[in-house]
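Participant: Give me coordinates for this.
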Amino acid sequence: FILKGASLFLVWIGQNYRVTRDADFLGFGSPDLNRLAEIFSEICNVDCDTDGMVYKADTLRVEEIREGQEYNGVRVTLVGFLNTARIPLQIDIGFGDAITPSPENIEYPTFFEAPPPTLKAYPRYTLVAEKLEAMVRLDLANSRMKDFYDICLLSRLFTFDGEILSEAIKNTFSRRRTPLPSSVPFAFTSDFSEDQQKKVQWDVFVRQTKPNVPLESLSTATGEISKFLQPVIDSFQFNSVFQEDWLPEKGWSPK
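Facilitator: Residues are numbered from 1 along each chain as shown. As a prediction, this is how the structure comes out:
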């Protein structure tokens with residue numbers, strides 16, 4: 001399994017910048033439910049006295065994730081206990097996605113004086129690419145406000161190599177069979193950000209997740225994302241190599 005999603009911000013910036021209710025992984029091999037149930041049951045039964053957590057294998061549930069008729073992976077739920085505190089856990093596992101560049105080896109921070117676990121994790125490039133793909137594919141139906149927040153925050157905090165980001169986007173769209181955008185994605189427009197339902201969804205997201213780094217509005221997020229990603233998208237129309245570097249304080253600059 002390869003760790004992905006918002007849990008990686010704890011590694012990248014040293015804090016959980018927003019509440020996330022699940023852990024996300026990319027899985028390899030068969031997505032067979034019985035196979036995954038056996039794997040997680042075995043994990044639950046590993047003895048580890050350091051953190052005090054006990055995971056109840058008899059609470060384990062494994063089911064397919066579907067949006068309508070579309071298969072979106074597997075969800076694992078179970079209950080853990082820290083002393084008498086009951087802690088529900090949710091793990092979402094996707095299969096078949098492209099990773100560009102290669103997975104990174106990380107040490108995940110712990111809350112106790114114990115050796116940090118070493119994991120394989122998504123690079124930031126693929127995280128951005130997958131969230132952009134969802135924005136393009138879902139269009140106005142998109143209610144994933146966390147994706148807008150996440151990409152905006154990444155663009156504020158980190159540098160990006162334009163050529164690598166371009167390849168990550170192409171590979172993700174190709175693997176998911178989503179056409180690359182040939183113009184400005186609807187999600188980047190004021191028609192999207194000023195839509196009343198989208199404003200409500202954004203307000204609910206902010207209220208529920210209480211992000212550490214506030215953004216003024218959805219239109220602020222989409223404006224910054226457009227500045228970050230639209231030049232990369234434009235390069236696809238000309239089949240050109242996007243040889244620029246992203247610097248948070250400056251934007252895109254030629255190498």
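Participant: hey, where'd the helices end up in the stretch 101-250 of the chain?
Facilitator: 124-138, 145-157, 162-175, 190-193, 196-209, 218-237 (DSSP state H, counting those that start in this stretch).
Participant: Need the ones you listed in a markdown table (columns: distance to F1).
Facilitator: Glycine gets a C-beta too; all of them are placed from N, C-alpha and C. Shown next, in a markdown table, are the helices of the stretch 101-250 of the chain (distance: least, Cβ to Cβ, whole Å):
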| stretch | distance to F1 |
| --- | --- |
| helix 124-138 | 15 |
| helix 145-157 | 20 |
| helix 162-175 | 18 |
| helix 190-193 | 34 |
| helix 196-209 | 24 |
| helix 218-237 | 28 |
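Participant: what residues go with each domain of the chain?
Facilitator: 2-121, 124-254 (automatic domain parsing).
Participant: which of those domains sits most buried?
Facilitator: domain 124-254 (a mean of 17; mean count of other Cβ atoms under 10 Å).
Participant: What's the per-residue pLDDT of E67 here?
Facilitator: Here the pLDDT value assigned to E67 is 71.
Participant: Identify the single longest strand in the chain, thanks.
Facilitator: Ranked by residue count under DSSP state E, the longest strand found in the chain is strand 53-67.
Participant: May I have the strands that pair with that strand, each with its orientation?
Facilitator: strand 70-82 (antiparallel) (DSSP bridges).
Participant: So which elements touch the helix or strand following the partner strand?
Facilitator: Next in sequence after strand 70-82, counting helices and strands by DSSP states H and E, comes strand 85-95. Contacts defined by 3 or more Cβ pairs under 8 Å, 6 or more residues apart in numbering; DSSP states H and E place strand 85-95 against strand 23-27, strand 53-67, strand 70-82.
Participant: What average pLDDT does stretch 191-202 get?
Facilitator: On average, stretch 191-202 scores 96.
Participant: Which one of the helices of the stretch 101-250 of the chain lies nearest to S253?
Facilitator: helix 162-175 (9.4 Å; Cβ to Cβ).
Participant: What residues does the spatially most central residue of the chain make contact with?
Facilitator: By Cα atoms, centre = their mean, the chain has its centre lying nearest to G5, at 3.2 Å. G5 is in contact with T20, D22, A23, D24, D92, Y122, L127, counting by Cβ atoms under 8 Å, 6 or more residues apart in numbering.
Participant: Can you tell me which one of the residues you listed sits lowest on pLDDT?
Facilitator: T20 (76).
Participant: Which residues are in contact with that one?
Facilitator: Taking Cβ under 8 Å, 6+ apart, one finds G5, A6, S7, T209 in contact with T20.
Participant: Try it again at 10 Å.
Facilitator: Taking Cβ atoms under 10 Å, 6 or more residues apart in numbering, we find T20 in contact with G5, A6, S7, F9, L10, Q90, K146, T209.
Participant: I'd like to know how far it sits from N45.
Facilitator: Between T20 and N45 the computed distance is 26 Å (Cβ to Cβ, to the nearest Å).
Participant: and what of A121?
Facilitator: 25 Å.
Participant: returning to what we had before: which one of the domains of the chain has the poorest average confidence?
Facilitator: domain 2-121 (a mean of 88).
Participant: End to end on that one, go ahead and measure it.
Facilitator: The separation between the terminal residues of domain 2-121, taken as Cα to Cα, to the nearest Å, is 5 Å.
Participant: can you check stretch 107-121 too?
Facilitator: So stretch 107-121: terminal residues 10 Å apart, Cα to Cα.
Participant: Quick one: residues in contact with that stretch.
Facilitator: By Cβ under 10 Å, 6+ apart, stretch 107-121 touches 1-5, 7-8, 10-12, 14-16, 25-26, 48-52, 99, 102-106, 127.
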